[in-house]
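J.: For reference, the sequence and a predicted model appear below.
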Amino acid sequence: MKYKNGRGLTPDTVAAIRFVTKVGVMTKATWYAHFARGSIRWRQMQWKFLIDSKIFRPHPCSVIEDVVALGPYGKKLARERGLKESVSFNTREIHHDVRVGVGLWKLEQAGIIKKWIHQKEIKRHGMDFFKLQLRKKLFKYPDGLFLIDYHGKEELIAIEFEENNQGYFRYLSMLRAYLGVTKVQRIYFIIPTKGTKKSVQRAMNKIRDGTLVKKIDFIDAVAWNSSPEDHFKSSVPVSVPRAQTSAV
């Protein structure tokens, strides 16, 4: 993969392109924290260069600042790599989508998970066996899915990232929908408050399905945003972490 001027892309840029194909967008803060190298000034120059090179483009909604999607040249590079673009243009979902993606990316970099897929990818691939029917005409997909080796057994884990407490009835519908998703071995709710956890637990108590209850676990949202790998290190065998540059 090369820039238009013939120079090879840095491995960090390749990794960032992959991230955007999976999540649909990337914030400037995500670029600075996880992909860019060097001084702040150099990171700023890199960010501008990637936009000027049309690898990334500013989000089409003018009120959204410091958020990019794939630009026309970035799409071309992604196709050459066999990557398909996800789309995230709903402004209300952008930061939620990025937080889910960054957490999963960190787990991958730590060598904890084998493979991950973002909600945007699940929708794009039409993976309807993961579709959750909340009401007659209301559906959703897990916010993310990933594979781990858990005590020598491969498990598929679903992530539900809650930015706020959506309430007992919403979680009741969600958990009832998960009863039919047999491919998922565990469900992690990323929770911002104790109240959110209580709402989910209340829904669990209402359903009273022992198999489902055993599947559910909770991770504090602050811990997920900072170091999600800490939650899994005690129970999941960790392989040698992949270099950020090879995560494509």
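T.: Looks like it came in fine.

J.: what helix or strand is residue 190 on?
T.: Element membership for residue 190, per DSSP states H and E: strand 186-191.

J.: ok, residues contacting that strand?
T.: Applying CB atoms under 8 Å, 6 or more residues apart in numbering, the set of residues contacting strand 186-191 from outside is 103, 142, 155, 157-162, 178, 196-197, 200, 215-221, 224. No exception for glycine: its C-beta is placed from N, CA and C like everyone else's.

J.: any idea how far it is from the chain center?
T.: Mean-position distance between strand 186-191 and its chain equals 13 Å (CA atoms, centre = their mean, to the nearest Å).

J.: Just give me the longest helix of the protein.
T.: In terms of residue count, the longest helix belonging to the chain (DSSP state H) is helix 94-109.

J.: Let's see whichever helix or strand comes after that one as CSV, backbone CA atoms only.
T.: For helix 94-109, the following helix or strand on the C-terminal side (DSSP H and E) is strand 115-118. Only the C-alpha atoms of strand 115-118 are listed here, as CSV (Å, rounded to 0.1, in the frame of the first residue of the first chain):
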residue,chain,number,x,y,z
LYS,A,115,-11.0,-11.8,15.9
TRP,A,116,-13.5,-9.0,16.3
ILE,A,117,-16.3,-7.5,14.3
HIS,A,118,-18.1,-4.2,14.9
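
J.: For the remainder of this discussion, apply numbering that starts at 323.
T.: Okay, residue one is now 323; in that scheme the one you just asked about reads as strand 437-440.

J.: Strand 437-440: partners in the sheet, and parallel or antiparallel?
T.: Sheet pairing here is set by DSSP bridges, and for strand 437-440 it gives strand 466-472 (antiparallel).

J.: what about the partner strand, average pLDDT?
T.: Strand 466-472 comes out with an average pLDDT of 90.

J.: I'd like to know which of the contacts of strand 508-513 are part of strands.
T.: 477, 479-483, 538-542 (DSSP state E).

J.: Point to the residue nearest the middle of this protein.
T.: Geometric centre of the chain, nearest residue: residue 423, 2.4 Å, by CA atoms, centre = their mean.

J.: Tell me which residues touch that one, please.
T.: Neighbouring residues of residue 423 by CB under 8 Å, 6+ apart: 341, 344-345, 440, 466.

J.: pLDDT on stretch 543-550, on average?
T.: Over the span of stretch 543-550, the pLDDT mean works out to 94.

J.: Also stretch 428-440?
T.: Mean pLDDT, computed over stretch 428-440, is 92.

J.: Show me what counts as buried in that stretch.
T.: Buried residues in stretch 428-440, defined by neighbour count with 16 or more other CB atoms under 10 Å: 428-432, 434-435, 438-440.

J.: Could you do stretch 445-462 as well?
T.: Quick answer for stretch 445-462 (16+ other CB under 10 Å): 445-446, 452-454, 462.

J.: now stretch 405-423
T.: So, applying 16+ other CB under 10 Å, buried residues of stretch 405-423: 405, 407-408, 410, 415-416, 418-423.

J.: for these, which one is nearest residue 349?
T.: Nearest to residue 349 out of the buried residues of stretch 405-423 is residue 420 (CB to CB; 5.5 Å).
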